[in-house]
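>>> Fold the following.
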Amino acid sequence: MPEPGLNDSLQTSSEQQHCSDSEKCNYGNHTNDVSQTQPVEPLSLPCYQPLATPNFKWGNLDGQQFCDLIYEAYHQVVHWQINLFPVPSGSPGKAFVSELARLFEAYADASALESVGIAAAMVAPHLLLQKPHKKSKYKDNVAYLKRRLESWKEGDLQSIT
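Got it, this is the predicted structure:
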């Protein structure tokens, strides 16, 4: 049987989504002065900044449509058996690595892509580096990566999955 009051604090912490502007967070403060830090309620989350709304264009799609496609693709690829080819050298490999770096940077810099940056970076290798068949050759892999990168940049994820 749960302790009295436990459900009350859980409900309070789930209702509190982020700090108000008037409330200042001290969790990142590295001072040893205990009087400046706020007490942390049990079972509550620390203050955080909410993610940016997806106000961007990805190829022919608006941000929300792309987010929906990425999350749908994510729920598909998590069940796939890993069958990826190594990142090729040359311009297709550099373009792939640049795209991953762009997605991670978008999340880190709190840009409009931050709401989907990490999910897109986790889905991209599965969609872009998937072997076309079991015994595919290096040349085939490079051609598939080029075509898939073009589709990725246009936002045509259905043709890749």
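>>> and the gap between the residue nearest to residue 83 when sequence neighbours are not counted and residue 161?
In this structure, residue 83 finds its nearest non-sequential neighbour in residue 131, 5.0 Å apart by C-beta to C-beta, 6 or more residues apart in numbering. Placement of C-beta: from N, CA and C, glycine included. For residue 131, the distance to residue 161 equals 15 Å [C-beta to C-beta, to the nearest Å].
>>> likewise residue 52?
Taking C-beta to C-beta, one finds residue 52 at 26 Å from residue 161.
>>> same check, this time on residue 154
14 Å.
>>> In space, what's closest to residue 134 - neighbours in sequence excluded?
That would be residue 83: by C-beta to C-beta, 6+ apart, it lies 7.9 Å from residue 134.
>>> Hmm, that neighbour is touching residue 130, no?
Yes. If you go by C-beta atoms under 8 Å, residue 83 and residue 130 touch, sitting 6.2 Å apart.
>>> what about these two, which has more around it?
Neighbours per residue (other C-beta atoms under 10 Å) separate residue 83 from residue 130, with residue 130 holding more: 20 against 13.
>>> Poorly predicted segments of the chain, please.
1-42, 48 (pLDDT under 70).
>>> Nearest residue to the middle of it?
residue 118 (1.9 Å; C-alpha atoms, centre = their mean).
>>> Now that one: closest residue in space that isn't a chain neighbour?
residue 107 (5.3 Å).
>>> and the strand or helix carrying the one you found, what does it pack onto?
Using DSSP states H and E, residue 107 sits in helix 91-108. Counting contacts by 3 or more C-beta pairs under 8 Å, 6 or more residues apart in numbering; DSSP states H and E, helix 91-108 packs against helix 114-128, helix 138-154.
>>> In PDB, list the C-alpha atoms belonging to the shortest one.
Pointing back at helix 114-128 there. Provided in PDB are the C-alpha atoms of helix 114-128 (Å, rounded to 0.1, in the frame of the first residue of the first chain):
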ATOM      1  CA  GLU A 114      15.800  20.600 -31.700                       C
ATOM      2  CA  SER A 115      12.400  18.900 -31.100                       C
ATOM      3  CA  VAL A 116      13.200  16.200 -33.600                       C
ATOM      4  CA  GLY A 117      17.100  16.400 -34.000                       C
ATOM      5  CA  ILE A 118      18.000  13.500 -31.700                       C
ATOM      6  CA  ALA A 119      15.200  11.200 -33.100                       C
ATOM      7  CA  ALA A 120      16.200  12.000 -36.700                       C
ATOM      8  CA  ALA A 121      19.900  11.300 -35.900                       C
ATOM      9  CA  MET A 122      18.900   7.900 -34.400                       C
ATOM     10  CA  VAL A 123      16.700   7.000 -37.400                       C
ATOM     11  CA  ALA A 124      19.100   8.300 -40.100                       C
ATOM     12  CA  PRO A 125      21.600   5.400 -40.000                       C
ATOM     13  CA  HIS A 126      18.900   2.800 -40.200                       C
ATOM     14  CA  LEU A 127      17.200   4.400 -43.100                       C
ATOM     15  CA  LEU A 128      20.300   5.600 -45.100                       C
END
